[in-house]
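K.L.:
A structural model of the following input is requested.
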Amino acid sequence: MRLATFNVLHGRSPHDGLVDETRLATAVATLDADILALQEVDRDQSRSNHLDLTAIAASAMNAPEHRFAAAIVGTPGEQLRPLTHDDDGHGEPLYGIGLISRYPVRSWQVTRLAPIPLRSPVIDPGPHGRIVLLRDEPRVVLTAILDTPYGPITAAATHLSFVPGWNIRQLRQVVRALRTLPPPRILLGDLNLPAGLATLASGWRSLARRPTYPARQPRVQLDHILADPRGGHPLPAVTAVNAPITTISDHRPLVVDLA
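P.N.:
The predicted model follows:
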């Protein structure tokens with residue numbers, strides 16, 4: 001079984017700034033994952049040619065099961081609004097996360113995470129490294145209970161806040177929500193937390209320690225695959241870990257092979 005998580009930067013290549021469907025499909029197919037979590041995913045956005053990026057990735061994987069969960073309606077950094085349970089943003093540009101599986105899905109679940117209510121200071125990644133005040137965005141968790149060759153597994157995808165401290169609060173909220181679902185449990189995603197802090201805050205075991213950001217010369221691990229150590233039959237042993245460079249995104253994907 002191969003697990004992977006990938007912040008795809010809405011399919012954009014850092015080399016030419018373009019979103020190309022074939023390039024995205026090739027990058028995903030090369031991972032050859034059985035379970036793949038995607039972050040920074042667009043659907044019907046003009047900046048990504050109105051493509052459904054989750055569906056493209058699922059087709060590239062030959063995966064029969066996939067779901068996109070929008071966190072916001074609109075475009076990050078521009079006009080946007082949060083979703084509610086009565087508003088799915090149908091027919092409008094959406095931004096969120098995806099979860100794709102080659103295994104059958106018994107059920108899906110969406111959990112919404114509120115943004116911090118205040119503008120927060122962050123360091124501009126540009127050449128001057130200025131501190132800017134940014135408004136946080138709503139976040140979402142997409143969970144599937146899968147029928148795998150090793151039995152049922154709960155797998156969840158998420159992309160947590162960039163605000164220090166608030167992302168820890170969100171991670172603990174995610175852990176509480178997932179522990180209501182059957183073990184074993186796996187969390188895949190961009191947690192915006194370094195490796196040690198992600199495991200300490202969650203109490204979960206990291207299946208992979210590799211730097212993933214920035215893609216060209218990664219210095220920090222923001223992308224994680226965590227396993228709940230409590231309850232249920234144990235996951236198979238980890239046999240390989242990789243964070244390959246691809247032709248898209250400013251993150252590297254994180255890939256874990258289980259025996």
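
K.L.:
parallel or antiparallel, which strands does the helix or strand harbouring Leu226 pair with?
P.N.:
In this assignment (DSSP states H and E), Leu226 forms part of strand 223-227. For strand 223-227, the pairing partners within the sheet under DSSP bridges are strand 185-190 (antiparallel), strand 205-206 (antiparallel).

K.L.:
so what touches the last one?
P.N.:
This points to strand 205-206. By C-beta atoms under 8 Å, 6 or more residues apart in numbering, the surrounding residues in contact with strand 205-206 are 195, 198-199, 224-229. For the C-beta atoms, the positions are set from N, CA and C on the backbone; glycine is no exception.

K.L.:
and if we set it to 6 Å?
P.N.:
Residues outside strand 205-206 that contact it (C-beta atoms under 6 Å, 6 or more residues apart in numbering) are 199, 226-227, 229.

K.L.:
now, of the strands paired with strand 223-227, which is deepest in the fold?
P.N.:
Of all the strands paired with strand 223-227, strand 185-190 has the most neighbours on average by mean count of other C-beta atoms under 10 Å, namely a mean of 27.

K.L.:
for the strand holding Leu226, what is the distance to the chain centroid?
P.N.:
Distance of strand 223-227 from its chain centroid, counting by C-alpha atoms, centre = their mean, to the nearest Å, is 10 Å.

K.L.:
so what touches it?
P.N.:
3, 5, 186-188, 190-191, 198, 202, 204-208, 212, 235, 251, 254, 256.

K.L.:
just stretch 28-44 next, same as before
P.N.:
Outside of stretch 28-44, the residues within contact range by C-beta under 6 Å, 6+ apart are 1-10, 48, 50, 52-54, 57, 60, 68, 93-102, 155, 157, 159, 188-190, 253, 255.

K.L.:
next up, phi/psi of Arg169, please.
P.N.:
phi -60, psi -40 (degrees, to the nearest 10).

K.L.:
what about it, neighbour count?
P.N.:
Residues lying near Arg169 (other C-beta atoms under 10 Å) number 16.

K.L.:
same question, Gly17
P.N.:
If you count neighbours by other C-beta under 10 Å, Gly17 ends up with 8.

K.L.:
ok, now Leu94?
P.N.:
Leu94, neighbours per other C-beta under 10 Å, totals 24.

K.L.:
what's near enough to touch it?
P.N.:
So Leu94 contacts 43, 70 (C-beta under 6 Å, 6+ apart).

K.L.:
got phi/psi on it?
P.N.:
The phi/psi pair for Leu94 (degrees, to the nearest 10) reads phi -130, psi 160.

K.L.:
could you report the pLDDT at it?
P.N.:
Predicted confidence (pLDDT) at Leu94: the value is 94.

K.L.:
may I ask which helix or strand of the chain has the lowest mean pLDDT?
P.N.:
strand 120-123 (a mean of 69; mean pLDDT, DSSP states H and E).

K.L.:
show the subsequent helix or strand relative to it.
P.N.:
Strand 120-123 is succeeded, C-terminally, by strand 131-134 (DSSP H and E).

K.L.:
what is that next one packed up against?
P.N.:
When contacts are defined as 3 or more C-beta pairs under 6 Å, 6 or more residues apart in numbering; DSSP states H and E, strand 131-134 sits against strand 120-123.

K.L.:
could you give the number of residues near Arg130?
P.N.:
10.

K.L.:
many thanks, we can stop here.
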